[in-house]
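K.L.:
sequence? don't have it. structure:
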Ligand SMILES: [Zn+2]
């Protein structure tokens, strides 16, 4: 768990750095995306990078939440029904906060 959190933190850091590079590069090429074929590629890469970064940050938040649940002794407890979360479920999805039964219910 700690290892996964660390690697996700590293991923976010490197993506943020990459993001800064892309923003800097696109600032250099200007905002003329519509007329510059190169500019369109930058815009596309920027959009993809933004999605990846958003995903990685979401993972990091989920891992932080899981870590605090571990610390609070609630890691194995379903947030919705208070029942136990199966070990197999947590093995497959370490950031799960509810049991398999509650996971199938519509979101509140
Ligand atoms: Zn439950």
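P.N.:
In hand now; what should we look at? Everything numeric in this text was worked out from a predicted model, so none of it was measured. Numbering: from 1, shown residues only.
K.L.:
List of residues touching stretch 7-19?
P.N.:
Outside stretch 7-19, the residues within contact range by Cβ atoms under 8 Å, 6 or more residues apart in numbering are 49, 50, 52, 53, 56, 57, 59, 60, 63. No exception for glycine: its C-beta is placed from N, CA and C like everyone else's.
K.L.:
Give me the ChimeraX select line for the residues you listed, limited to the buried ones.
P.N.:
Listed next is the ChimeraX selection for buried residues among the contacts of stretch 7-19, using 16 or more other Cβ atoms under 10 Å:
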select :49,53,56,59,63
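K.L.:
For residue 84, grab phi and psi.
P.N.:
Comment: the main-chain dihedrals of residue 84 come out as phi -80, psi 150, following degrees, to the nearest 10.
K.L.:
residues in the protein within reach of the ion, list them.
P.N.:
Applying the criterion Cβ under 5 Å from the ion, the portion of the chain that neighbours the ion consists of 78, 80, 81, 83, 98, 99, 102.
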